[in-house]
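Asks: Output the structure for:
(one chain, ligands or ions: 1)
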Amino acid sequence: MGEQVIIVGAGLVGCLAALAFHKRGYEVNVYDYRFDPRDESTQDKNLRSINLAISARGIESLKFVDEHIAQRVLRDVIPMKGRMIHDLRGEQESQVYGLFGECINSIDRAVLNNFLLDELDRYGIDIHFGYKLVRAKFNDKRQTCIFSKMGQDGVTETVECDFVVGCDGAFSSTRYQMQRAVRMDYSQEYIDCCYIELYIPRTKQYIKKFNGNFAIAPDHLHIWPRHNFMLIALANGDGSFTSTFFGPWSLVESLTKSRDKTRKFLLQNFPDAMALMGIDDAVHKFITYPKGALMCVECNPYHINGGKAIILGDAAHSMVPFYGQGMNCGFEDVRVLMKLLDQSMGDRSVAFKRYSETRHKDLAAIIELAKNNYKEMSHDVTSTVFLIKKQLDSV
Ligand code: FAD
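Replies: Modelled structure (predicted):
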């Protein structure tokens, strides 16, 4: 029997980490405080984007763990070869990402997470739903995790293992427990930006040029940049688009006090998008849907010496979503860590230490890039269009 690992969190990164450790012969147990999201009655009502962009970084990492999984995931994606900029008059400008057809890919978050959970089942990896990590004790030989059982007031269960991998997201309890045992630098920063999910429904009729019931081109990430706020939309497989509004909290708070104000604001700033969404539906969602906050988390180191514990994914590096790399980077964490484990012949103390030493500069850089990309998406893309148009006009 291999060494025992507890993975805290059965989100996107926790699932991939579980598969990667299982494939290296470890005995893996995954714990998540949610109930099984594949069960209709317990579906995750978590406020998170409905679809995500998976990029080469994420796909390479999936392939590294399991080629079959990567191929299966790629069957469900909608490739986006560029961004489509919508100006105030409803004119659209395609800006391709690369000269050789390079793409990012839209994928349904739930489909991806549920598929990965199914893979864990297929490999016989134990997933314990409804278990919330509340305490962890890191000792020389064995590690102890205490879980509270969700829905059972005051009931806890204590489990031992050789090491713990925290993939429990931005508000990670594993990280918090590790901070009691290691001198970990840590920072958390909220940015002044709120997000609200809106929706563009599928068209009733099949649109030939889009090869489906899409109202706008599905092979682009759509952006309505308006300088200090913006709207984006990514296609879903059924012809609909998940659209997200991003803007300062003060703006959202002042708008949502009045239906009329919200209606006027949306019609003035996104007339073509409102024609697709239906203004009444958009106003209703804008006012009543949950408002999400965006934050960055940075820490260092990511492990406890002796190979006792490590954190991956958002638990280690939560970033704002404007670069579309949070999950991709979490998948990459798994690939980087597995490579280091392979290089150190499975010596966890060496691999975890090396991971913290080498990974931090890349993670700090991508957190910064993600922050900077808000300005790029909401403002600079319009400047580019403006400049090109100006240059063309003067020819
Ligand atoms: P999570 O997805 O947060 O999963 C953590 C899991 O741990 C959850 O299942 C939770 O239930 C469980 N958990 C938490 N605490 C405990 C506990 N104490 N005990 C047991 N279980 C626990 N990334 C991209 O790559 N591309 C994108 O296009 C993109 N778009 C985004 C859009 C928005 C609006 C937002 C907010 C984020 C976006 N991201 C994107 C980022 C992406 O969502 C995250 O990086 C990704 O979900 C991180 O995965 P994770 O598994 O590390 O954490």
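
Asks: pull the longest strand from this protein.
Replies: strand 185-200 (DSSP state E).

Asks: for the record, mean pLDDT for that strand?
Replies: Strand 185-200 shows a mean pLDDT of 96.

Asks: Flag every residue of the stretch 1-150 of the chain that's near the ligand.
Replies: Applying C-beta under 6 Å from any ligand atom, we find that the stretch 1-150 of the chain lies next to the ligand at 8-14, 31-34, 48-49, 52-53, 132-133. Any C-beta I mention is one placed from the backbone N, CA and C, and that applies to glycine too.

Asks: so of the residues you listed, which ones are in helices?
Replies: 12, 13, 14 (DSSP state H).

Asks: Just the closest of those to residue 80, please.
Replies: Nearest to residue 80 among those is residue 12, at 19.0 Å by C-beta to C-beta.

Asks: Let me know how buried that closest one is, in neighbour terms.
Replies: Residues lying near residue 12 (other C-beta atoms under 10 Å) number 24.

Asks: do the same with the one 3 residues further on
Replies: Counted with other C-beta under 10 Å, the neighbours of residue 15 add up to 28.

Asks: so who does it touch?
Replies: 30, 113, 116, 117, 119, 120 (C-beta atoms under 8 Å, 6 or more residues apart in numbering).

Asks: got these as TSV, with neighbour count and secondary structure columns?
Replies: TSV is the format used below for those (neighbours: other C-beta atoms under 10 Å; DSSP: H, G, I helix; E, B strand; the rest coil):
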residue	neighbour count	secondary structure
30	26	strand
113	20	helix
116	21	helix
117	23	helix
119	20	helix
120	21	helix
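
Asks: Dump those residues to a markdown table, plus pLDDT and distance to residue 320.
Replies: Converted to a markdown table, the contacts of residue 15 look like this (pLDDT from 0 to 100; distance: C-beta to C-beta, whole Å):
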| residue | pLDDT | distance to residue 320 |
| --- | --- | --- |
| 30 | 98 | 27 |
| 113 | 96 | 21 |
| 116 | 97 | 24 |
| 117 | 98 | 27 |
| 119 | 97 | 29 |
| 120 | 98 | 29 |
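
Asks: Pick the one among the residues you listed closest to the ligand.
Replies: residue 113 (7.8 Å; C-beta to the nearest ligand atom).

Asks: I figured that closest one was touching residue 14, is that so?
Replies: No - using C-beta atoms under 8 Å, residue 113 makes no contact with residue 14, being 9.6 Å away.

Asks: quick revisit: the longest strand of the chain pairs with which strands, and in what direction?
Replies: Paired with strand 185-200 in the same sheet, following DSSP bridges, are strand 241-247 (antiparallel), strand 292-300 (antiparallel).

Asks: Just confirm yes or no for that strand near the ligand.
Replies: Yes - for strand 185-200, a contact with the ligand is found by C-beta under 6 Å from any ligand atom, at residue 195.

Asks: 59 is where my numbering starts, stick with that
Replies: Noted, 59 is the first residue going forward, which turns the last one into strand 243-258.

Asks: Do the following helix or strand past that strand and the ligand come into contact?
Replies: Downstream of strand 243-258, the next assigned helix or strand under DSSP states H and E is strand 278-283. No - using C-beta under 6 Å from any ligand atom, strand 278-283 never reaches the ligand; the gap is at least 9.0 Å.

Asks: Can I get the ones in helices among the residues of the stretch 59-208 of the chain next to the ligand in a markdown table including distance to residue 184 and pLDDT?
Replies: Shown next, in a markdown table, are those (distance: C-beta to C-beta, whole Å; pLDDT from 0 to 100):
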| residue | distance to residue 184 | pLDDT |
| --- | --- | --- |
| 70 | 19 | 98 |
| 71 | 18 | 98 |
| 72 | 13 | 98 |
